[in-house]
Structure formats: structure tokens, C-alpha cells
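Enquirer: Return atomic coordinates for the entry below.
(one chain, ligands or ions: 1)
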Amino acid sequence: MEFTQVINALNDANKIAIFVHINPDADCLGSAIALGVYLKRFNKSVNFFCDDEIHSNYDVLGVKCFERVLQDEYDLLVAVDCSDVMRIGSYCKYFMAHPNTVCIDHHSTNTNFAKINLVKQEVSTTVIIYEMLKSINYDFDKEIATVLYAGIIGDTGGLAYGDLTSKVFQIVAELVSYEVDIDKVSYYLLRRRSYGQLMLLKYALSSLSIDNNFASMVITLQDFEQTNTTPTDVFGLVNYAINIDEVDVAVCLCEYLPNKYQVSFRGKGSIDVSKLANVFGGGGHKNASGCRLFGNKDKCIEKIKKAVISL
Ligand SMILES: [Mn+2]
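Expert: Numbers count the residues shown, from 1 in each chain. From the prediction side, this is the model:
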């Protein structure tokens, strides 16, 4: 899939809506904002939609532009960093019924749900957008470089994962040359925590259970109440479990409604947790994926364990 078709679709449209996935991260938000910067340079009308709360750590990307409620008609809809239309949340019906849609994504599990699908296996969706803009000799600036860089940082654990290539480091080298505030971006995306979030870690660790190479953690509604936090505060907690040396698969169940769990998987080595998430209707990458599960938490964990064994 070449970039031209997407560039033409963007250039031909005047009123564009951009959608990110639920449980939004730096990559989807950065991708959306980068496209917005590009489009606004041509005086296009752009609206940004996220069917979920956006954590204040992403304020560093300028996420104030995001709205929740669709009010208008658009001549082009773009979904970024979404492997499946369900990932955009309640807008999915509107998206599927629209005649002019684009999806830009880097998940190997992408279902090609849009009319035009730009799907490439890169470390982040912002890498695809960078290369698309590069192909038309776009004149980068600090604003767009910052959000593209943030997507890479977010999806590579701060340039630390094994799927990185020298190409990505070259892209990063170019992006940071536009005076990206590296310390500010990494502080907000990788280190910044509220007191409540740290207390949430205390509850998560006290729920930690290890069975051979499998580790699980559960965060309940009560834990959120005790720490004055919400499910958007959970990011990264599952990494404490996967970082245990003998653990190869880790899962964190986060209760967002009574007996409804947002599930994060992490895998090490040859284990492909995107397959694990697929078993439960979710998706993601080889080392990091997610899904939703409903029911009793112990039963959910048992189901997951069985799926791990049959991987
Ligand atoms: Mn991504």
C-alpha cells in the first residue's frame, strides 16, 4: 500500500474527523495530532475524537483538541493506530457506514476495515506517518516532530524494545533535530506519576500471584476508590510483573465496571501475546496486547492460564 492514496484522500477532503482507539496511548494521540498539523497547514477543518478519557500525562502532546461527541458530518474519516474498527469505540458504526474512510496502523492483526488501509509493520503508527510525510518532502517543525517522536517513545518503551531497527534511530535522530524537548516528553510519557498511581501500584503488587512462568495482577474498583484514581491511571503496572526474571507471560486485570476487566498482556522471548489477546477478541503486538473480559476475576485468570498453555 503506497502513501499516495492516503495523501490524495487527505488532500481531497475539506472536513476531516480523526479517530484514536479507546484506552488511548501516545502513539494514537501523536498520530492523530500529526495528521491534524499537516491538514491544518492546508486550512482544512479537522476534528479529533476519542471515546475515552485521556490521561493528563498526554497533555504534553496537546490533546486538548479531542472531543467526545460527534455532531457534524465529515467528508473523510481517519482511524489511526486501530487494528480493528471496534477499537474506536462507539463511533464504529458511523465509521463503517461512511463511504470515505482511511485507516493508518502498524498492528499485524489489522483487519483492513477502512476503504483505504495503510498498514505497515513498523514500531509505531507515527513512523508510518513520518514516512508518508517524508515521501512528499513535508517541511517538519517542532510541533509535528514532537508528536511523531512521542509515538515512537510510547510504543518502544522509550527506545528499548527488541523490534527497534537502526532505521527507527535514524528517524528519531532527525525528529529530535527539530528541538523536541526530549526530557519533557520522556518525563510525561515514561516517568510522571501521581501519588494515587503509586498507591495503586501498592495494591497491584499485593494482588500479584505467580504460577511457574505466569504472573497475574488484579486492580479492583475498590482499589481505585481507595487511591482516588481511575482506570486511565493504570498504564505500565503490568510491566512490574513481566520484569520478574522467571516470568514469561504477565497479565493485569483492571476492573473498570463491576466484573468488567480491561486486560493487559505482556510477553517475553518467543511468546506471542497478540495470539493470546486474539483468543479473547482483543489484539495488539507480540510482546504487548490487550482485551476485555467479563465475569468473576478468578475465573477470568483461569481462562487466561488455559489459553497460555495452549499457545
Ligand atoms: Mn501503536
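Enquirer: Could you check how many residues crowd around residue 97?
Expert: Summarising burial for residue 97: neighbours were counted as other C-beta atoms under 10 Å, giving 9. Heads up, the C-betas are built off the backbone N, CA and C, glycines and all.
Enquirer: Return the residues in contact with residue 237.
Expert: For residue 237, the set of contacting residues under the criterion of C-beta atoms under 8 Å, 6 or more residues apart in numbering consists of 200, 201, 204, 217, 219, 252, 264.
Enquirer: quick one: pLDDT of the third one?
Expert: In this case it means residue 204. Residue 204 carries a pLDDT value of 96.
Enquirer: What distance do you get for whatever residue of the stretch 1-150 of the chain ends up closest to the ion to residue 258?
Expert: Using C-beta to the ion, the point where the stretch 1-150 of the chain gets nearest to the ion is residue 27, with a distance of 3.4 Å. To residue 258, residue 27 is 30 Å away according to C-beta to C-beta, to the nearest Å.
Enquirer: Kindly report the same for residue 75.
Expert: Counting by C-beta to C-beta - residue 75 and residue 258 are separated by 41 Å.
Enquirer: For those two, work out which one has more neighbours and name it.
Expert: Relative neighbour count places residue 75 above the other of residue 75 and residue 258, with 16 against 8, counting by other C-beta under 10 Å.
Enquirer: For whichever strand or helix holds residue 263, what does the pLDDT average out to?
Expert: Remark: residue 263 resides in strand 260-267, with elements defined by DSSP states H and E. Per-residue pLDDT values over strand 260-267 give a mean of 96.
Enquirer: Send me it as PDB with only the CA atoms.
Expert: In PDB, the C-alpha atoms belonging to strand 260-267 read as follows (Å, rounded to 0.1, in the frame of the first residue of the first chain):
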ATOM      1  CA  LYS A 260     -15.700  -6.000  33.700                       C
ATOM      2  CA  TYR A 261     -12.000  -6.000  33.100                       C
ATOM      3  CA  GLN A 262      -9.600  -4.300  30.900                       C
ATOM      4  CA  VAL A 263      -6.900  -6.900  30.400                       C
ATOM      5  CA  SER A 264      -3.200  -6.100  29.600                       C
ATOM      6  CA  PHE A 265      -0.900  -8.900  28.500                       C
ATOM      7  CA  ARG A 266       2.900  -8.800  28.300                       C
ATOM      8  CA  GLY A 267       5.200 -11.500  27.000                       C
END
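Enquirer: quick one: strands adjacent to it?
Expert: Using DSSP bridges, strand 260-267 pairs in its sheet with strand 249-257 (antiparallel), strand 288-294 (antiparallel).
Enquirer: that older thread, out of the contacts of residue 237, which is nearest to the ion?
Expert: Minimum distance to the ion across the contacts of residue 237 is 14.0 Å, recorded for residue 264 (C-beta to the ion).
Enquirer: so where is this structure shaky, pLDDT-wise?
Expert: Across the chain, the ranges flagged by pLDDT under 70 are 1.
Enquirer: Could you pull up the residues touching the residue in the chain sticking out farthest from the centre?
Expert: Centroid-distance maximum for the chain: residue 212 at 29.3 Å, with C-alpha atoms, centre = their mean. Shown here is residue 212, whose contacts under the criterion C-beta under 8 Å, 6+ apart are residue 246.
Enquirer: got it, and residue 51?
Expert: Residues touching residue 51, when contacts are defined by C-beta under 8 Å, 6+ apart, comprise 22, 68, 88, 89, 90, 91.
Enquirer: what do you get for residue 110?
Expert: Applying C-beta under 8 Å, 6+ apart to residue 110 gives the contacts 83, 84, 103, 117, 119.
Enquirer: how does it look with 6 Å?
Expert: Shown here is residue 110, whose contacts under the criterion C-beta atoms under 6 Å, 6 or more residues apart in numbering are 83, 119.
Enquirer: That one and residue 274, how far apart?
Expert: Taking C-beta to C-beta as the measure, residue 110 and residue 274 are separated by 11 Å.
Enquirer: The residue of the stretch 1-150 of the chain closest to the ion: helix or strand, and which one exactly?
Expert: If you go by DSSP H and E, residue 27 is part of helix 26-41.
Enquirer: Now do the same contact list for residue 253.
Expert: So, once contact is read as C-beta under 6 Å, 6+ apart, residue 253 ends up touching 218, 261, 263, 297.
Enquirer: same check, this time on residue 97
Expert: Contacts of residue 97 by C-beta under 6 Å, 6+ apart: none found.
Enquirer: Deepest in the core, which of the strands paired with strand 260-267 is it.
Expert: strand 249-257 (a mean of 22; mean count of other C-beta atoms under 10 Å).
Enquirer: so how far is stretch 150-166 off the chain centroid?
Expert: Using C-alpha atoms, centre = their mean, to the nearest Å, the distance from the centre of stretch 150-166 to the centre of the chain it belongs to is 13 Å.
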